[in-house]
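I'd like to go over a predicted model; first the sequence, then the structure.
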Amino acid sequence: MVSLNLALSLLLATGTQAFVPAANKPFNSALNAVSKKDTYSVTLLPGDGIGPEITAATKVALEALTTKCGFTIELKEALIGGAAIDEKNDPFPQESLDQCLGSDSVLLACIGGYKWDNNPRELRPESGLLKMRKEMGLFANLRPAKVLPQLIDASTLKREVVEGVDVMVVRELTGDVYFGTPKGIDVIDGQRVGYNNMIYSESEIDRIARVAGDVASKRGGKLCSVDKANVLDVSQLWRDVVTQVITDDFKDVELSHMYVDNAAMQLIRWPKQFDTIVCGNIFGDILSDEASMLVGSLGMLPSASIGESGPGVFEPCHGSAPDIAGEDKANPLAMILSAAMMLKYDLDRPAEAQMLEDAVEAVLDQGIRTPDIKQEGDGCKLVGCKEMGQAVADVVASMALN
Ligand code: IPM
Ligand code: MG
């Protein structure tokens, strides 16, 4: 078993600072990365919308990689989201959960679609995703937004603003207003009133602060904690606990605090001021979508969700894009990059992860683009989802092994 400390150091090797051995108090979480072995079991959750297409493209790329490198990933599909509602009347059936928990790791595409939008909440695809996160204890969600030089002009922001941006959003994933009770819609004094509860306990803040402290110490050493402490009590506690954890146990990390409205503005005004951002569930949901646009397309962003033990879930940050589902227009690169994160974090295969990441960059260097990252007059070749997956696989197949 590889500790989260080690796994994070591998992930963060792309950061701006060399790995600093942790003199810090070990944090309360360990990534259950299995040790390197010949055959892995991975649960594949294709989900809805463009999910099956990007899953197929990712499989092609992964197969090329395992063939090249001489190991096996046994991929077994399971149901989640709308697909699970249609077949099992449950957005994340028990058998899917059992299968995920019994695997070395989980690779998820995306969920959701118009078809289920008017279902009662417990029969919405999103409820399956939330149930998966909660039941698997995936409290830490890492969303890196690193601008690739090949895609600078795909961003709607100016080149000088986005060039060199490398931000990591550490989002708490199993608490906050997403899961707080009481919640509901009641009739009070003759009118409907809707409410949710934004709630965090000290221990929930403590453990995400430790993940963030560790992440920051292995990147540029700067951590910005985002909250709304000028208005919300829950944010005041967040600020107090984060301050305590980082000042006591992560002395090499420079901590700052920012209100969420200001952070949203600063992220597009001058994103290079950020290295690592830590925030609660809902602020992280919003800021990570915003951060993705620095990179040019949500179609490029992978993510890792990890807990104290057990397999992690690796998934693109984007949604299921029902408007282009089945049209072979989706960008599979975020899912392919998520597979690379899985190799690095959960499967103890950092070199192979690097190969996959290098292959993605090589394909971009070749000027191959899906519609979301294609610019008019850029001289690049427009391809579909399938061809993009094949292009990554072809590069992998032609790579030299070290
Ligand atoms: C995300 C998504 C989910 C979230 C939805 C689909 C429930 O937006 O992963 O960011 O809000 O967490
Ligand atoms: Mg979101």
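Sure thing, it's come through. Remember, predicted model here, so these are calculated numbers, not experimental data. Ligands and ions are numbered 1, 2, ... in the order given.

So which bits of the longest strand along the chain are buried?
The longest strand of the chain (DSSP state E) is strand 39-47. For strand 39-47, burial by neighbour count (16 or more other CB atoms under 10 Å) applies to Tyr40, Ser41, Val42, Thr43, Leu44, Leu45, Pro46, Gly47. Heads up, the C-betas are built off the backbone N, CA and C, glycines and all.

Restricting to those residues, which residues neighbour ligand 1?
Cross-checking the buried residues of strand 39-47 against ligand 1 (CB under 6 Å from any ligand atom) gives no overlapping residues.

Put together CSV for the residues you listed, with pLDDT on each row.
Shown next, in CSV, are the buried residues of strand 39-47 (pLDDT from 0 to 100):
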residue, pLDDT
Tyr40, 98
Ser41, 97
Val42, 98
Thr43, 98
Leu44, 98
Leu45, 98
Pro46, 98
Gly47, 98
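
between those residues, which is closest to Asn141?
Nearest to Asn141 out of the buried residues of strand 39-47 is Leu45 (CB to CB; 16.0 Å).

Roughly how far does the closest one sit from Ala229?
Plainly put, Leu45 is 36 Å away from Ala229 if you go by CB to CB, to the nearest Å.

Leu148 too?
35 Å.

Of those two, which one has the most company?
Between Leu148 and Ala229, Ala229 has the larger neighbour count (other CB atoms under 10 Å), namely 19 against 16.

Excluding chain neighbours, give the residue nearest to the more buried one in space.
Closest residue in space to Ala229, ignoring its immediate chain neighbours: Ser235 at 4.1 Å, by CB to CB, 6 or more residues apart in numbering.

How about Thr276?
Nearest residue to Thr276, sequence neighbours excluded (CB to CB, 6+ apart): Ala216, at 4.0 Å.

Are we agreed that that neighbour is in a helix?
Yes. The assignment for Ala216 by DSSP: H, G, I helix; E, B strand; the rest coil puts it in a helix.

Quick check: it touching Ser225?
No. In this structure Ala216 lies outside contact range of Ser225 using CB atoms under 8 Å: 10.1 Å.

What is the burial count for Glu204?
There are 19 residues near Glu204, going by other CB under 10 Å.

tell me the contacts of it?
Taking CB atoms under 8 Å, 6 or more residues apart in numbering, we find Glu204 in contact with Phe139, Glu172, Thr174, Gly175.

at 6 Å what do you get?
Counting by CB atoms under 6 Å, 6 or more residues apart in numbering, Glu204 touches Gly175.

what about it, distance to Gly137?
On the measure of CB to CB, Glu204 and Gly137 end up 12 Å apart.

Are we agreed that Ala353 is in a helix?
Yes. Assessed with three-state DSSP, Ala353 lies in a helix.

okay, now it: neighbour count?
Neighbours of Ala353 under the rule other CB under 10 Å: 22.

Do I have it right that Gly112 meets Ala321?
No. Shown here, Gly112 and Ala321 do not form a contact pair, counting by CB atoms under 6 Å, at 9.3 Å.
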